[in-house]
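A.B. asks: sharing a sequence plus its predicted fold:
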Amino acid sequence: MADTAIADAAEQVLASRPDKAQLIDKLVAKLPEHVVLHAEEDLRPFECDGLSAYRKLPMIVVLPETIEQVQIAMQVCYANDVAVVARGAGTGLSGGALPMENGVLLSLAKFKQILDIDTANRRATVQPGVRNLAISEAVSDLGLYYAPDPSSQIACSIGGNVAENSGGVHCLKYGLTTHNIIELEIVTVEGERMTIGSEALDTPGYDLLALMTGSEGLLGVIVQVVVKLLPKPERAQVVLAAFDDVRKAGDAVAAIIQAGIVPAGLEMLDNPAIVATEEFVHADYPTDAAAILLCEVDGTHAEVDEHIADVREVVEREGATEVRVSRDDAERAIFWAGRKAAFPAMGRISPDYYCMDGTIPRKALADVLIGIGELSKKYGQRVANVFHAGDGNLHPLILYDANIEGELERTEEFGGAICELCLEHGGTITGEHGVGVEKIDQMCVQFPPDELTQFHAVKQAFDSKGLLNPGKAVPTLHRCAEFGAMHVHNGELPFPELERL
Amino acid sequence: MTTSADQSQQLSERVTEAFAHATPLHLRGSGSKDFLGEAVDGETLDVTGHAGVVNYEPGELVMTARAGTPLAELENVLADAHQMLAFEPPHFGANATLGGTIATGLSGPARPFAGAARDFVLGCRIINGQGQILRFGGEVMKNVAGYDLSRLMAGAYGTLGVLLDVSLKVLPVARTQITRVFEHSAAQALQQISDWQRKPWPITAAYWEDGKTYLRLAGATSSVDSACEKLGGETLDDDTTFWRAVREHERPFFASDDRPLWRVSLPPAAAMLDIDGDCVIDWGGAQRWVQTDMEAVALRRVVKEAGGHATVYRGDAQPRFHPIGESILALQQRLKKSMDPAGILNPGRIYPEL
Amino acid sequence: MQTSIIPQLRDTPDGQEADRILRACTHCGFCTATCPTYQLLGDERDSPRGRIYLIKQVLEGEKPTQKTQTHLDRCLTCRACETTCPSGVEYAKLADIGRELVEQQVERPRHERVLRWLLRHIVAYRNRFAFFFALGHLFKPLLVGPLAPLKQKMPPRRKALAWPKAENAQRTMLVLDGCVQPVAAPNTNAHAARIFSQLGVRLVAPKASGCCGALSQHLSHREEANDFARRNIDAWWPYIEDGAEAIVLTASGCGASVVEYGHMLRNDPEYAEKAARVSALARDLSDVLAEEDLSQLGDLGHGRQVAYHPPCTLQNAPQLHDNVAEILTQAGYQLTHVRDPHLCCGSAGTYSILQPTMANELRSNKLASLQAGEPDVIVTANIGCQLHLESAAGVPVRHWIELLEPAAAA
């Protein structure tokens, strides 16, 4: 495999200096003027996504209104060897939609229509800019919903969900985005429209749907999505269990699963997270607890009764100091509201936060949480933990202040150490947020060169010029070599002036 | 219990060697699914010796096993811990292996309700076409680091890599299972199943054959009971045997004649196809088995119009898999090349071009 | 979020407040979900988060152009984003600061200046507005050019109801008469006064009080808004010293402004304390009434179908509390289901005049949701929404208080 050729292409794109004025002319020749933004004043609001620690002013932003316009934008960029970064709602937490100073940012935010709701086949055809929650709202009257529910579901768009393979609170039982979509319409890097997947449950040939999902905008631009709809459970109820010790809470998680219950959601918040969210939501969380578990079970009335009793028994046996069961949907919504708003609620106790996303085997929960606590002391920075315990998907939020010089750098290093701790326990660096730019160096730790080379080869099959979202998700070997060297010398990481390849 | 042995190195050396000489390899487990797809002309690479459970912790809901491990053995290990492979893979033979199961990506009657084989793949170790041993995914529930190449292996028929180990998500066995039977015409069955699926009931299979709909419910006892009460219908005795027969094509329908057998994959609510032949409906409408003498091209035209595709299971029709469009085929060719640059892994098993 | 505000702004009260607000923002984007303009336009620059960024640029020393101004103008200041924001970003305060900064640096085209000047100098003054309102009705055909949007905004003239005497009332409350409402819907306060009188409360509207200041605030003249606030405080103060229990706001748009007096005048040594007291006393009509015993009003609704449009100000100003639905239900009305109650109707103070295209699109969406349940009447709690909706609705649009006096309203 010509790895060096692939790496060269990628690095050439990253280092390219396209003629901006010329590209604007070419775009405007084929697109309405108002969809092509190029003045700094207009570009600035697009300089970052939900991870505002990383910012880059895009060279040009294109805001297409039709699929044809997406195709034209792609064709022009392809013909001129210009990189393209696709962006949905801009709520991603790994910098996957971080623009490029020498590239075009392609916003899909104007694609907001739900095109079709097919009740007989239980599916909806939606444009990529449709908000995750808007789908469930639109089909609610039919007794249906779309299952994956990332915490940002109020705002995040389905196109972005597919690109990141987003999870959510309920994916322990209902799966990730990849389990809940059946067909995609994409525009290739050359500007061609292509259908991936089908209206049936499978498609002849390779399962490109699985490959596209979670590919972080490196393989194609998603312009239409067909999602699966599920019947709304008859009832859902949440048990809130408080613990005076994080280890006990971690063990209770494993015990619930071991008891043969598959909860619809199983979430944990540690003390700093409880305190911060309580201030915004007033869910009456016990603010003196070391950790709380939120365990939701759903199904028919009888089934929920049966499982709630089981869960209560398990958590009491595992030493819960307090157990509450939601009495109605309103209370259940309040229990969840704190969890769903937990990340941004950190804005109330700290100017900035850095969210990690490692996933580990459940049995390692307590050890890793305690390990993170030790790292927190070592780096002298506060951490709040709020995460999908049932999946073993951690979200340590490192609190910092970007206005203090050096804090972001220290935070990144701390984050890297957490990633590596997860890997030591047999986990992965990212469960659902994606690698983006944030965790790209840790990819070098998780994957040996042969695997990375294979990823690049796959990428080349879709995008031979390496124009789609370059520098994200999969590091070049060159970058890993550099990171490895820096890693050995320790403490110097990262160099902000160094281009994040 | 079969022997447990790690033959990764030997297998990798074989592939490296084949890559160097551009020798096509015919990947093979027990051969239980040889009848699927096209024949492969190449040296046989037998993976059955690479067998054994690598890691299984019921509390983690994950099992990792080597590709040559017999499926039946895995299912026994799981059953001992009251767990199962929720996608209910068909064996199509006594010695079916895990590798063949994932490579063909086949799923049983639970497919539309629980998910497909690919949905349960968490990670795998493979040998690519250059003989390199690569690991993708992992043993955790969620993992979005790197492209999802492990799920891509499901249904790739070994044309992208030799499966070594596969990590699967496993689930607890339901506490109660009941199957109800209803008298329906095919059209009624499709309508009824579609309606039922909009209810929050624990349905895990829906099958129609010869005037009868069979609906399987499995889950918490209370939940199954209350659904049965609302549904009505007759209870089927020994339904475990019944569903095994559906899964393994052991129902009389599948043995009844010499006409070609087609697997037709459709949107679940698609109307009954207007074709001359016999049909049973599985997967709540999304998978239909058709015995017909109809020409492949004509049948496929009808199926495609209904939004689906058709695969030959028995008979001589060519090609075995439904042809795909030019640009998507070209993309798949490039993908194949990226993993198997010399084109030595099961060449032509799916399409001549792959 | 990281900030670096330029030195000449950094140490001003505005600069400090802006920095504090910006730093709370984590750029999560939740606000985009409930922003009416972003939901329509899908352009980051027309979302709260994008506008925060546009304002941040100006604070950090970039020179804005008309483009930034356009995106800030398009904001309805409905504050739905604030209710959605988990980080507690006080967007509206930042928007006020940003708009004024941009206003100072970007000259508007002549027709915009004329229209804005007219709004500030006529609409905000009851008598001038009444004069032009009468004149407007006379010369409706002459409203062309920049004044054309006004034509459609011209509500019908209504006959005034008598204000009750309430001589025996033991308790006193103040009510804000305002600027537009007494002219365009003179009976809202009259109805309120009659109902309060039945409850033993005398409602007083001192003549010297007037516009709450929101108009000037929206048009980036915050000092002018402060003057309106001072004028109202002066008019109310003697009554407050005499023990007036509350300042009742019958238009939630004005309410949202009066509850901010304390904040607006916090740096004015002479008024800061009084303003804080006034803000503390200011309450929405429904909030005050909910505490009274309304059972004596009896079953007024007889199951009549009512669609309620809660004004953004009532939903999103944290100090205002909305009890309209409860009161109407108690009075025997049947409230219809209304989709997306959080979305603005497009009225938004002067917005419907300054941004007619957006405002009309929002209004048609809003009316579609309001009328989906086939109500007999649409009610709201703010004069702006009432007039804006009324001009295109297929059913009558009223202030909800009128439903508590159906005989008088008929």
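C.D. replies: Alright, I've got the coordinates. Numbers count the residues shown, from 1 in each chain, chains lettered A, B, ... in the order given.

A.B. asks: and the pLDDT for the residue lying closest to residue C:209 once chain neighbours are set aside?
C.D. replies: Of all residues not flanking residue C:209 in the chain, residue C:235 sits nearest, at 4.0 Å (CB to CB, 6 or more residues apart in numbering or on different chains). Bear in mind the C-beta positions are built from the backbone N, C-alpha and C, glycine included. As predicted, residue C:235 sits at a pLDDT of 95.

A.B. asks: ok, residue C:235 - how many residues close by?
C.D. replies: 18 (other CB atoms under 10 Å in any protein chain shown).

A.B. asks: I'd assumed residue C:212 was in contact with it.
C.D. replies: No. Assessed by CB atoms under 8 Å, residue C:235 is found out of contact with residue C:212, at 11.7 Å.

A.B. asks: elements contacting the host helix or strand of residue A:453?
C.D. replies: Per DSSP states H and E, residue A:453 falls inside helix A:449-462. Packing partners of helix A:449-462 (3 or more CB pairs under 8 Å, 6 or more residues apart in numbering or on different chains; DSSP states H and E): helix A:3-15, helix A:477-489, strand B:133-137, helix B:149-153, helix B:326-339.

A.B. asks: flag every residue of chain C that's near chain A.
C.D. replies: By CB under 8 Å from any CB of the partner chain, the residues of chain C that approach chain A are C:1-4, C:23-34, C:39, C:41-45, C:49-51, C:53-54, C:57, C:62, C:64-65, C:67-68, C:84-89.

A.B. asks: what subset of these is buried?
C.D. replies: Buried subset of those (neighbour count, 16 or more other CB atoms under 10 Å in any protein chain shown): C:1-3, C:23-34, C:39, C:41-45, C:49-51, C:53-54, C:57, C:64, C:68, C:84-87, C:89.

A.B. asks: in the stretch 51-200 of chain C, what residue comes closest to chain B?
C.D. replies: residue C:86 (23.4 Å; CB to the nearest CB).

A.B. asks: what values do phi and psi take at residue B:312?
C.D. replies: phi -80, psi 130 (degrees, to the nearest 10).

A.B. asks: again, but for residue C:253
C.D. replies: Dihedral angles (degrees, to the nearest 10) for residue C:253: phi -60, psi -40.

A.B. asks: list the contacts for it?
C.D. replies: C:212, C:214, C:311, C:313, C:349, C:382-384 (CB atoms under 8 Å, 6 or more residues apart in numbering or on different chains).

A.B. asks: mind telling me which of the helices and strands packed on helix A:449-462 the model trusts least?
C.D. replies: helix A:477-489 has the lowest average pLDDT among the helices and strands packed on helix A:449-462, namely a mean of 69.

A.B. asks: quick revisit: where does the residue of the stretch 51-200 of chain C closest to chain B land in three-state SS?
C.D. replies: Classification of residue C:86 by DSSP: H, G, I helix; E, B strand; the rest coil places it in coil.

A.B. asks: quick check: it touching residue A:349?
C.D. replies: No. Applying CB under 8 Å as the test, residue C:86 and residue A:349 come out as separate, 11.8 Å apart.

A.B. asks: wait, what's in contact with residue 106?
C.D. replies: You didn't pick a chain, so chain A it is. Taking CB under 8 Å, 6+ apart, one finds A:62, A:64, A:70, A:73-74, A:84-87, A:221 in contact with residue A:106.

A.B. asks: wait, I meant chain C there
C.D. replies: So residue C:106 contacts C:64-66, C:68-69 (CB under 8 Å, 6+ apart).

A.B. asks: quickly list what residue B:162 is bridged to.
C.D. replies: Note on residue B:162: beta-bridge partners by DSSP bridges are residue B:127.

A.B. asks: in the stretch 151-300 of chain B, which spans are strands?
C.D. replies: Taking DSSP state E, counting those that start in this stretch as the criterion, the stretch 151-300 of chain B carries its strands at B:162-169, B:171-172, B:176-183, B:203-209, B:212-219, B:234-235, B:261-265, B:277-282, B:287-292.

A.B. asks: tell me the most buried of the ones you listed?
C.D. replies: Among those, strand B:162-169 has the highest mean neighbour count (mean count of other CB atoms under 10 Å in any protein chain shown), at a mean of 26.

A.B. asks: tell me what angle that one forms with strand B:133-137.
C.D. replies: Going by axes from the mean of the first three to the mean of the last three CA atoms, to 10 degrees, strand B:162-169 is angled at 20 degrees with respect to strand B:133-137.

A.B. asks: quick one: average confidence on strand B:162-169?
C.D. replies: 98.

A.B. asks: burial count for the closest residue to residue B:248 other than its chain neighbours?
C.D. replies: Spatial nearest neighbour of residue B:248, excluding adjacent residues (CB to CB, 6+ apart): residue B:90 at 5.8 Å. Residues lying near residue B:90 (other CB under 10 Å) number 21.

A.B. asks: give me the distance between residue B:90 and chain C.
C.D. replies: 45 Å (CB to the nearest CB, to the nearest Å).

A.B. asks: before we move on, back to that, kindly reformat the strands of the stretch 151-300 of chain B as JSON lines containing distance to residue A:18.
C.D. replies: Converted to JSON lines, the strands of the stretch 151-300 of chain B look like this (distance: least, CB to CB, whole Å):
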{"stretch": "strand B:162-169", "distance to residue A:18": "42"}
{"stretch": "strand B:171-172", "distance to residue A:18": "51"}
{"stretch": "strand B:176-183", "distance to residue A:18": "62"}
{"stretch": "strand B:203-209", "distance to residue A:18": "55"}
{"stretch": "strand B:212-219", "distance to residue A:18": "57"}
{"stretch": "strand B:234-235", "distance to residue A:18": "70"}
{"stretch": "strand B:261-265", "distance to residue A:18": "45"}
{"stretch": "strand B:277-282", "distance to residue A:18": "54"}
{"stretch": "strand B:287-292", "distance to residue A:18": "49"}
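
A.B. asks: residue A:33: which of the ones you listed is closest?
C.D. replies: Of all these, it is strand B:261-265 that lies closest to residue A:33, at 46.0 Å by CB to CB.

A.B. asks: can you list the strands that the closest one pairs with?
C.D. replies: Strand B:261-265 has these strand partners (DSSP bridges): strand B:287-292 (antiparallel), strand B:309-314 (antiparallel).

A.B. asks: show me what the mean pLDDT comes to for whichever helix or strand residue C:98 is part of.
C.D. replies: Assessed by DSSP H and E, residue C:98 sits inside helix C:91-105. The pLDDT scores in helix C:91-105 average 95.
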